[in-house]
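>>> Return atomic coordinates for the entry below.
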Amino acid sequence: MASVAFVGLGVMGYPMAGHLARAGHEVTVYNRTAEKAAQWVAEHGGRACATPAEAALDQDFILVCVGNDQDLMEVISGPEGVLGGARSGAVIVDHTTASADVARRIAQLAQQQGVGFLDAPVSGGQAGAEHGQLTIMVGGEEAVFDLARPVINSYARMTRLMGPVGNGQLTKMVNQICIAGLVQGLAEALHFAQRAGLDAESAMSVISKGAAQSWQLENRHKTMLAGEFDFGFAVDWMRKDLAIVLDEARNNGAQLPVTALVDQFYADVQQMGGGRWDTSSLIARLNRGK
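Prediction:
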């Protein structure tokens, strides 16, 4: 078993760290809100630290799951960041959805201290984190990945090395492009079915057995029809992710007209007060004129 620090106990990090403890790893946690870290320790054992640097001291692995590029740079390389405590030979695994550029910058900083680094964004949402069924796309050196994989597998259903540092984040961008289009398509399908006078749930039951089947259809159509959006991956987070996607597309020349359009639809949902609604709330935008 390994000694592991987990930095960032949000809706994803909290259960992920719990799976590490249940797997028998020695877990130290840090969270910006100290009360959340104390709650985690009361529930799972281990110990909480006052800074990321303190949490990283003498650890084999330091896992990070925070909000965005700025948060990530702060907890890694800030005055009290992880690199202030990480020993040579340790491995940082970053589960934040961030830019490929910031992943490469952090990898360079870590390498200067003899610390390994993997960018390892996740897919599967809060439910996937809670049930240890996340899909994890990883960028980094194969030898470093081989060291970290047994630890990552504590909360993963699927883990794959996608190439050098940054490729994990690029693969997550591909994931978010797919989701944006799928959810908008599902929202339009449900909206159309209702306007056409169909039993929309029966229609979904039929088409889910054919080529239209998707995770979003299977898991979200009922709550979308019910107008229930108080769960899952928030619109605010999706817009953060899509901003990263669209910025990367401007750099590499990829044409993403549908993704850019759906991003603006999510902006409409934010204007409706739905920033914290689940991403499936795109249907609320279509139904608002009913």
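>>> Ala254 and Gly181: what is the separation?
14 Å (C-beta to C-beta, to the nearest Å). (C-beta placed from N, C-alpha, C; glycine too.)
>>> Tell me the pLDDT of Ala42.
pLDDT for Ala42: 98.
>>> This structure: strands as residue ranges?
For the chain, applying DSSP state E gives strands covering 3-7, 26-30, 47-48, 61-64, 91-94, 116-119, 122-123, 134-138, 156-161.
>>> tell me what the first one is packed against?
Helices and strands touching strand 3-7, as assessed by 3 or more C-beta pairs under 8 Å, 6 or more residues apart in numbering; DSSP states H and E, comprise helix 13-22, strand 26-30, helix 52-56, strand 61-64.
>>> try it again with 10 Å
Contacts defined by 3 or more C-beta pairs under 10 Å, 6 or more residues apart in numbering; DSSP states H and E place strand 3-7 against helix 13-22, strand 26-30, helix 34-44, helix 52-56, strand 61-64, helix 69-77, strand 91-94.
>>> Leu134 is nearest to which of the ones you listed?
helix 13-22 (7.6 Å; C-beta to C-beta).
>>> where does the chain dip in pLDDT?
Along the chain, segments meeting pLDDT under 70 span 289-290.
>>> returning to what we had before: could the strands of the chain go into a markdown table alongside distance to Val102 and mean neighbour count?
As requested, those are arranged in a markdown table below (distance: least, C-beta to C-beta, whole Å; neighbours: other C-beta atoms under 10 Å):
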| stretch | distance to Val102 | mean neighbour count |
| --- | --- | --- |
| strand 3-7 | 15 | 27 |
| strand 26-30 | 19 | 24 |
| strand 47-48 | 26 | 16 |
| strand 61-64 | 12 | 27 |
| strand 91-94 | 9 | 28 |
| strand 116-119 | 9 | 27 |
| strand 122-123 | 17 | 22 |
| strand 134-138 | 16 | 24 |
| strand 156-161 | 19 | 16 |
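>>> Spatially nearest residue to the residue most central in space within the chain, not counting backbone neighbours?
By C-alpha atoms, centre = their mean, the chain has its centre lying nearest to Val122, at 4.5 Å. Leaving aside its sequence neighbours, Val122 sits nearest to Leu134 (C-beta to C-beta, 6 or more residues apart in numbering; 4.6 Å).
>>> For the one you found, give me its contacts.
12, 15-16, 19, 95, 120-125, 127-128, 152, 155-159 (C-beta atoms under 10 Å, 6 or more residues apart in numbering).
>>> partner residues bridging it?
With DSSP bridges as the criterion, Leu134 is bridged to Ala156.
>>> Same list (the strands of the chain) but as a markdown table, adding distance to Gly232.
Shown next, in a markdown table, are the strands of the chain (distance: least, C-beta to C-beta, whole Å):
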| stretch | distance to Gly232 |
| --- | --- |
| strand 3-7 | 22 |
| strand 26-30 | 24 |
| strand 47-48 | 28 |
| strand 61-64 | 22 |
| strand 91-94 | 22 |
| strand 116-119 | 24 |
| strand 122-123 | 12 |
| strand 134-138 | 14 |
| strand 156-161 | 18 |
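>>> of all those strands, which lies closest to Val269?
Using C-beta to C-beta, the strands of the chain put strand 122-123 closest to Val269, at 20.9 Å.
>>> mind checking how far Arg190 is from Ala196?
Actually, residue 190 is Leu. It isn't Arg. Counting by C-beta to C-beta - Leu190 and Ala196 are separated by 11 Å.
>>> And for Ala21?
Distance of Ala21 to Ala196, computed by C-beta to C-beta: 51 Å.
>>> More neighbours: the two, which one.
Ala21 (20 against 9; other C-beta atoms under 10 Å).
>>> Hmm, the more buried one is touching Gly45, no?
Yes - contact criterion C-beta atoms under 10 Å: Ala21 and Gly45 qualify, at 6.2 Å.
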